[in-house]
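**Q** I need the structure of the sequence given here:
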Amino acid sequence: MKKLCVGLFLFTFLFSNAQKSGTSTVLTDITEKVKDYYIDKEAYKKADSLFRNELNKGAFNALNKKEFAALLTQKLRTTIKDEHFFVKYLENYMPEKQMSEKEKEKLNNEHNSLENFGFETVQRLPGNIGYINFKGFASPEASEKTLAAAMNFVANTHALVIDLRENGGGENGMVLLFCSYFFDKKTDLYTTYFRHNNKTVLNSTQPEVSGQKYLHKKIYILTSKNTFSAGEAVAYFLQQYKLAEVIGEKTGGAANPVDHFIIQNQYLLLVPAGKITSLASQKNWEHIGVIPNQEVKSEDALKAAHIKILKNIILAETKTELTIPEIKNLINKLEE
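**A** Okay, the predicted model is just below:
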């Protein structure tokens, strides 16, 4: 019995050490990626110190791999103070069956098409007001036709509401394509600096788009604390260029674009690797968020925008499908 207990102790000890060694390797690899790619070249020291302390405390010992990844995400975000950090356990990742870039793109496009490339709802509100509920930015090539259809649908409205309250972000190219619908000519919006290769990229709108542009009309963007990354970018740039008013809550404050890495064939790591600088403000919304022109609770933002537009219609004596008494009655109902 004594020999059996010793054997069990030795097995547990060896397994624990092997587990700790594997964890340590993952943490070391993540630290190296932060060191090489993160926009702040000194931030890796915080990650290294964090990981050493947590490892010594045994904070990761009782966690499965999904829990481990979730904890790393939370620790990186709070320690380095960048919400773009993300770690995910890849349960079925098979490196020997890695797809080509074309195959990945096709798979992503198929997945995004099931969510209509982020376009949840496009409709006309009473008072001839366009409304687009947009939840995420897929690739511009795949989204182009759906975006054009949405913009063509609202082209004849007097004002437009873009609902980004549930928009978690996505691809930079789609930000530029979407913004292109609101600028009458090519406009240089921002630069992106990447520290790992010391390159700066200029990001501009397109002079031509496949749908109808929405120009010289009132635009209102709805935001929440969950509006993130690329969703914030559209709100920020249209607000900066005085093309739109933002109504709702201050956004998440994540401006830095990310690079993707596979760690030990087990984990997906997102590292903020670039810095965006608006050419209009020479700033961005990192840590700050997009500040609304009219701050209201997220759930009240659409109603607030609708009321504001209807009151403007009365003041400007804009002709709509509604009579002035009908518009006033609708405002009263919305304000109840």
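**Q** and residue 190, what does it touch?
**A** 203, 237, 276, 277, 278, 279, 284 (Cβ atoms under 8 Å, 6 or more residues apart in numbering). In this view, the C-beta of every residue, glycine as well, is placed from N, C-alpha and C.
**Q** which of these lies closest to residue 127?
**A** When the contacts of residue 190 are compared for distance to residue 127 (Cβ to Cβ), residue 237 wins out at 26.5 Å.
**Q** verify the stated contact: the closest one with residue 188.
**A** No: assessed by Cβ atoms under 8 Å, residue 237 is found out of contact with residue 188, at 11.0 Å.
**Q** which one's more surrounded, those two?
**A** residue 237 (29 against 11; other Cβ atoms under 10 Å).
**Q** which residues does the more buried one contact?
**A** Applying Cβ under 8 Å, 6+ apart, the residues near residue 237 are 175, 179, 189, 190, 278, 280.
**Q** again, only using 6 Å
**A** If you count contacts by Cβ atoms under 6 Å, 6 or more residues apart in numbering, residue 237 has them with 179, 189.
**Q** now render the contacts of residue 190 as TSV, adding secondary structure.
**A** Output for these, formatted as TSV (DSSP: H, G, I helix; E, B strand; the rest coil):
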residue	secondary structure
203	strand
237	helix
276	strand
277	strand
278	strand
279	coil
284	coil
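**Q** now the buried members of those residues.
**A** Among the contacts of residue 190, those classed as buried by 16 or more other Cβ atoms under 10 Å are 203, 237, 276, 277, 278, 284.
**Q** show me where the stretch 201-336 of the chain has its helices.
**A** 230-240, 301-316, 324-335 (DSSP state H, counting those that start in this stretch).
**Q** buried residues, the second one. List them.
**A** By 16+ other Cβ under 10 Å, the buried positions in helix 301-316 come out as 301, 302, 304, 305, 306, 307, 308, 309, 310, 313.
**Q** now the last one
**A** Within helix 324-335, the residues scored as buried using 16+ other Cβ under 10 Å are 327, 330, 331.
**Q** next, the angle from it to helix 301-316.
**A** Put simply, helix 324-335 runs at 150 degrees to helix 301-316, going by axes from the mean of the first three to the mean of the last three Cα atoms, to 10 degrees.
**Q** any idea how far helix 324-335 is from the chain center?
**A** 36 Å (Cα atoms, centre = their mean, to the nearest Å).
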